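J.: A predicted structure for the sequence below; I have some questions about it.
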Amino acid sequence: MGPADALLAAGAGLLAGAVNAVAGGGTLIAFPALLTTGLPALTANITSSVGLLTGYAGGALGYRRELADQVDRLRALGPPAMLGGIVGAVVLLATPSDSFRALVPYLVLVSCLLLAAQTRLAAVVARRRAAAAPATTAPPVPAASAAGIGGSGNTVTWPTRIGIFVAGVYGSYFGAGLGVLLLGVLGILLVDDLQRTNALKTLLAFGVNAVGVAVFLITAKVAWGFAGILVVASLLGGLLGARIARRLRPALLRAAVITLGVGVAIVLIIRN
C-alpha cells in the first residue's frame, strides 16, 4: 500500500462515515475506492465492512436515549438480525471470488435503487404513522406485546422478524443500503416516532455488521492496513457528518451517491 492508496482510503473512509450519518450509502464510496487500489472485489467488500463498523457503533451510541425503553424490541429483533448477519457472512465467504465479482455491479445497482427508494419508503412510513396516530399516543407497549404476544400496532410480529432477518443476510453479504432496508421494514411494520425507529435501525445495523465482521475476522481476507485506516477515518467522518447533517440537504447528497454508484456499476459491467 503506497501513500496515494492510503490517502485514497482515508478520504473515502471520512466521506463514507459522513454520508452514512447524513443519508446512508457510505459503502458505495468506500468499496469502489478499495477496488481502485487493486484489491480483489471480495477482499474489498470484507475490508469495507470491517473498516466502517465504527461508524455504526458511534451512531448507536448517539441514540442511547431513544433506545432506553426499547429493550423488549431489541430482544425480539436482535436475534434474527444477527442470525441474518452470520448467514450472509458465511454465504459471502462460500461464494467464489469470480462469481462475487460478476455479481458486484448488480449488487451496487440494487443498493442505488434502495437509496433512490428511500424517500418513497419514508412517505409510506409517514402515511402509515398518520393513519395510526391514535395508537402512537397510547401508553407504552407492555413487554409481552412488544415481544410479539398480543396485538397492537407496535407488536413485533413474525413478518417483522423475517424482514429483519432478510435485511441482515443482505447487510453482511453486501452492506450498501442496509440502513434503508432496515428502516423500511421497521417503519412499515412498526408504528412509532421516526427518531425512535431510526435509533432501533441503527443498533440493529451495528449488530448485523458486528457479527458479520466477527465471521470475517476468522478468515485471512481482510486487508488490515486499509481496514485500520477506514476504522479511524469513518469514525471521524461519522462524527463530522452528525454535526453537518442539519445544514445539508440529504436529497442532494443521496443523489450524488446514487450517481456515483451507478457510474461504478457501469464501469464494473464493462470491465467484466
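T.: Received it, and whenever you're ready, just let me know what you need.
J.: got the contact list for the closest residue in space to Leu83 that isn't next to it in sequence?
T.: Nearest residue to Leu83, sequence neighbours excluded (Cβ to Cβ, 6 or more residues apart in numbering): Phe165, at 6.2 Å. Where C-beta positions appear, they are placed from N, C-alpha and C, glycine not excepted. Shown in contact with Phe165 (Cβ atoms under 8 Å, 6 or more residues apart in numbering): 80-81, 83-84.
J.: now the residues you listed as a markdown table including distance to Arg127?
T.: What follows is these, written out as a markdown table (distance: Cβ to Cβ, whole Å):
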| residue | distance to Arg127 |
| --- | --- |
| Pro80 | 26 |
| Ala81 | 26 |
| Leu83 | 31 |
| Gly84 | 27 |
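J.: ok, of those, which one's closest to Leu107?
T.: Gly84 (16.2 Å; Cβ to Cβ).
J.: I figured that closest one hits Gly171, correct?
T.: Yes - between Gly84 and Gly171 there is a contact at 7.2 Å, judged by Cβ atoms under 8 Å.
J.: for those two, list the residues in contact with both.
T.: Common neighbours of Gly84 and Gly171 (Cβ under 8 Å, 6+ apart) are Val208.
J.: would you mark the buried spots in stretch 71-90?
T.: By neighbour count with 16 or more other Cβ atoms under 10 Å, stretch 71-90 contains the buried residues 72-74, 76-78, 80-89.
J.: for stretch 178-196, same thing?
T.: For stretch 178-196, using 16+ other Cβ under 10 Å, the buried residues are 178-192, 196.
J.: one more: stretch 34-46?
T.: In stretch 34-46, counting by 16+ other Cβ under 10 Å, buried: 34-35, 37, 39-46.
J.: what do you get for stretch 215-223?
T.: In stretch 215-223, residues buried by neighbour count (16+ other Cβ under 10 Å) are 215-216, 221-223.
J.: give the next helix or strand downstream of the helix or strand harbouring Gly11.
T.: Using DSSP states H and E, Gly11 maps to helix 3-22. Remark: after helix 3-22, the chain's next helix or strand is helix 27-36, criterion DSSP H and E.
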